[in-house]
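J.: sequence first, predicted model second:
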Amino acid sequence: MTELFGEHVWWYIARSGGIVALLLSAASVLWGLLLISRYLQGGPKPAGLLNLHKFLGALTVIFSLVHVAGLYLDSFVEFGITELLLPFRSGWKPVEVAWGVIAFWLLVAVQLSSMMMRRIPRRLWKWIHLGSYVLLPLGIVHGITAGTDSGSSWYQLISGGLIGLLAFLTAWRAWKIPKRRTAVPAAA
């Protein structure tokens with residue numbers, strides 16, 4: 001494979017895997033927000049929307065693993081298993097890499113809880129799933145601070161757009177949540 005792509009093939013795989021994982025994570029989180037906010041009323045059926053949301057989440061895990069495998073197999077910066085799976089263990093940009101490690105484990109928790117949704121209490125699933133609101137910004141910060149493409153204008157534009165869209169849809173979701181009615185004492 002190195003004859004075809006040169007000696008940095010694993011670095012290219014790691015970079016592209018990370019960027020694709022970030023975009024898929026954003027698509028999954030944003031699609032989930034669209035799904036629960038009823039922003040798409042009158043559009044596709046909810047079951048289809050939910051299936052797409054789940055599919056995007058599963059693809060995010062796959063491409064995150066491609067990113068991690070590429071980093072492990074690349075020889076430019078030598079990452080061991082502990083550096084890739086435990087926060088703050090990396091000798092290269094430990095804090096910046098930790099953002100990605102934490103985002104990865106949040107992703108795993110969200111995906112596993114979704115797979116076990118019918119077996120765990122709904123409230124627990126919901127709290128774990130709220131980790132997605134942290135997962136995406138952590139992934140963006142990881143990409144901006146540790147990624148070698150972060151200086152490019154296309155990467156900054158995409159990251160800024162994702163942050164803006166996430167903020168807008170989160171605000172839309174918060175605004176659309178029905179307010180709970182509290183009991184009003186009857187007039188005497």
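T.: Perfect, thanks for sending it.
J.: what's the next secondary structure element after the worst-scoring helix or strand of the chain on mean pLDDT?
T.: Considering only helices and strands, the least confidently modelled element of the chain by mean pLDDT, DSSP states H and E is helix 2-5, at a mean of 57. Going down the chain from helix 2-5, the next helix or strand is helix 9-37, by DSSP states H and E.
J.: list the helices and strands that next one packs on?
T.: helix 46-73, helix 94-115, helix 132-146, helix 153-176 (3 or more CB pairs under 8 Å, 6 or more residues apart in numbering; DSSP states H and E). For every residue, glycine as well, the C-beta is placed using N, CA and C.
J.: buried residues in the last one?
T.: Within helix 153-176, the residues scored as buried using 16 or more other CB atoms under 10 Å are 155, 158, 159, 162, 163, 166, 169, 173.
J.: pull the contacting residues for residue 141.
T.: residue 99 (CB atoms under 8 Å, 6 or more residues apart in numbering).
J.: equivalent analysis for residue 140, please.
T.: Neighbouring residues of residue 140 by CB under 8 Å, 6+ apart: 22, 159, 162, 163.
J.: so how far is residue 26 from the closest residue to residue 163 other than its chain neighbours?
T.: Excluding the flanking residues, the one nearest residue 163 by CB to CB, 6 or more residues apart in numbering is residue 140, at 6.4 Å. Distance, residue 140 to residue 26, by CB to CB, to the nearest Å: 8 Å.
J.: re earlier: any chance of the contacts of residue 140 in TSV with pLDDT as columns?
T.: Shown next, in TSV, are the contacts of residue 140 (pLDDT from 0 to 100):
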residue	pLDDT
22	93
159	86
162	86
163	87
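J.: ok, these vs residue 80, which is closest?
T.: The shortest gap between residue 80 and any of the contacts of residue 140 belongs to residue 22, at 23.2 Å (CB to CB).
J.: right, I'll leave it there.
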